[in-house]
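J.: Test case, fold it:
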Amino acid sequence: EFALETRATMHMGLRQRKNVPSRFRRGFEGEDMYGGLPRLTLGANAALSWNRIAEYKDDATSLTFTDVEPLLTPRFVTNQSMELRAHPRLALLADGRWISRSFLANTGDARFTTPAFYTIVGGARWHLGASSVLLQVRNLTDERGYASGYTDGTTSYFYPIAGRNVMLTIVARF
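T.: This is a model prediction of the structure:
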C-alpha cells in the first residue's frame, strides 16, 4: 500500500517555535508484511519525504533563509522486522531501523546535521499460557546515533540514543 500525502505543518523544534507561513511536506510511505512461510513473518516499511520551508527568518540573527529543509526532519526512515517461531512457545525476533540525517536548524547548513544511523534490536519471546516474557537486546551493535540535537550556529550539540542495553518485559495475564 502506497500513499501520497501533502500537508502543511508547524514544527515544534528548538529554533522554530513559530508558524512559518509557506511550507510543505510531500512524501511516500509504504508498508508490507510477508507471512508466506509457516513459522516466519517478515515486515518492512519506509517513508521518503521532501519537506521545505519557503522562507524562514531567524530571530537570533535576523537572517532570512529560503527554500530550506525543516529541522529534525529526516528525508528517509525505514524499518524491518523478522519473527521466527522456533517453537510453539518461543519466537526469535529481530528489528532494524535506519534514519537518514536531519538538519539541526532551519538554515540548510549541512555542517549542522545529525548523522544517519542504523540500529538493530534482537530478542526472544517466550509464551507461558496467556502470559509472556520478552527479552530484548536493544541497539545490538552499540551504534552511535543521535535522536535529536541543536546548534548555536558554530557547534552541533546532540542527544544520543542509548547504547547497547537489555530490556526484559513480563506480561502477566490472570
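J.: how about the longest strand seen in the chain: buried residues?
T.: Counting residues, the longest strand found in the chain (DSSP state E) is strand 40-57. For strand 40-57, a neighbour-count test (16 or more other CB atoms under 10 Å) marks Thr41, Leu42, Ala46, Ala47, Ser49, Asn51, Ile53, Tyr56 as buried. Bear in mind the C-beta positions are built from the backbone N, C-alpha and C, glycine included.
J.: mind giving me JSON lines with those residues and columns for distance to Glu69 and pLDDT?
T.: Listed next are the buried residues of strand 40-57 as JSON lines, based on distance: CB to CB, whole Å; pLDDT from 0 to 100:
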{"residue": "Thr41", "distance to Glu69": "35", "pLDDT": "96"}
{"residue": "Leu42", "distance to Glu69": "32", "pLDDT": "97"}
{"residue": "Ala46", "distance to Glu69": "19", "pLDDT": "97"}
{"residue": "Ala47", "distance to Glu69": "15", "pLDDT": "96"}
{"residue": "Ser49", "distance to Glu69": "10", "pLDDT": "94"}
{"residue": "Asn51", "distance to Glu69": "6", "pLDDT": "93"}
{"residue": "Ile53", "distance to Glu69": "7", "pLDDT": "92"}
{"residue": "Tyr56", "distance to Glu69": "10", "pLDDT": "88"}
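J.: Okay, now the unreliable bits of the chain?
T.: 1-19 (pLDDT under 70).
J.: one more time with 80, if that's ok
T.: Within the chain, the segments meeting pLDDT under 80 span 1-21, 60.
J.: now Ala172: how far from Ala116?
T.: Separation of Ala172 from Ala116 (CB to CB, to the nearest Å) stands at 39 Å.
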